[in-house]
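S.K.: coords please:
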Amino acid sequence: MNKSKNKVGIIAALIIGFGLLIWGVRLFTAENNMRQECTMETQGKVIDLLEHVSTDDEGDDVISYSPVFEFVLDGESYTKATTASSGLRNFSVGQAVTVFYNPADPWQFYVSEYVLVENIGYIALICVGCIFILCGGYSAVNIVKSKKNTK
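M.R.: I've put the predicted structure just below:
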């Protein structure tokens with residue numbers, strides 16, 4: 001029974017690992033492809049700082065912040081709340097930022113000062129996926145070695 005649990009654990013680790021790895025790479029690639037389409041530069045600003053409150057394992061409140069960016073192009077205002085948040089207040093309301101937008105679709109834009117925060121999330125997914133894959137692979141190799149030694 002113990003050996004079958006080990007096999008299930010190894011398979012689960014590998015599936016989770018490959019899933020996180022593929023998800024992280026796809027998000028990272030999609031984000032970078034979008035950035036390649038955003039070739040026009042303009043100035044924007046932070047118009048709001050959304051506060052997200054969650055509770056950690058000890059029951060303490062954990063606060064993270066997501067900036068809302070805006071820029072104006074030909075009299076039209078384009079606004080986007082970020083999907084990534086940080087425990088640090090990296091931005092302040094009214095702060096000027098550099099915006100790169102897609103000339104064919106100005107709603108598609110990114111803020112150069114925020115790229116690192118978003119990329120860290122994607123890289124973390126990829127790294128955690130690799131850790132699961134390495135642990136699952138290491139465990140699988142050990143099981144194969146132990147079977148050879150018992151024969």
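S.K.: for residue 48, give the beta-bridge partners.
M.R.: On the basis of DSSP bridges, residue 48 is bridged to residue 68.
S.K.: distance-wise, check it relative to residue 104.
M.R.: 27 Å (CB to CB, to the nearest Å). The way it works is simple: take the backbone N, C-alpha and C, and place the C-beta from them, glycine included.
S.K.: now do the SS call for the spatially most central residue of the chain.
M.R.: Residue closest to the average C-alpha location in the chain (CA atoms, centre = their mean): residue 121, at 2.8 Å. The assignment at residue 121 comes out as helix when based on DSSP: H, G, I helix; E, B strand; the rest coil.
S.K.: tell me the predicted confidence for it.
M.R.: At residue 121, the model reports a pLDDT of 75.
S.K.: likewise residue 142?
M.R.: So residue 142 comes in at 81 (pLDDT).
S.K.: what helix or strand does it sit in?
M.R.: For residue 142, the element it lies in under DSSP states H and E is helix 115-150.
S.K.: do residue 58 as well
M.R.: Using DSSP H and E, residue 58 sits within no helix or strand.
S.K.: quick one: low-confidence ranges for the chain?
M.R.: 1-4, 83-88, 114-119, 151 (pLDDT under 70).
S.K.: who has more neighbours, residue 48 and residue 104?
M.R.: residue 48 (14 against 9; other CB atoms under 10 Å).
S.K.: so the more buried one makes contact with residue 80?
M.R.: No: applying CB atoms under 8 Å, one finds residue 48 not in contact with residue 80, separated by 11.0 Å.
S.K.: which neighbours do those two share?
M.R.: residue 68 (CB atoms under 8 Å, 6 or more residues apart in numbering).
S.K.: returning to what we had before: what packs against the helix holding residue 142?
M.R.: helix 2-37 (3 or more CB pairs under 8 Å, 6 or more residues apart in numbering; DSSP states H and E).
S.K.: list the helices and strands the helix it packs on packs on?
M.R.: Checked by 3+ CB pairs under 8 Å, 6+ apart, helix 2-37 has strand 96-102, strand 105-111, helix 115-150 packed alongside it.
S.K.: since we're on the residue nearest to residue 130 when sequence neighbours are not counted, how many residues are nearby?
M.R.: Leaving aside its sequence neighbours, residue 130 sits nearest to residue 21 (CB to CB, 6 or more residues apart in numbering; 6.3 Å). By the measure other CB under 10 Å, the count of residues near residue 21 is 19.
S.K.: great, nothing more from me.
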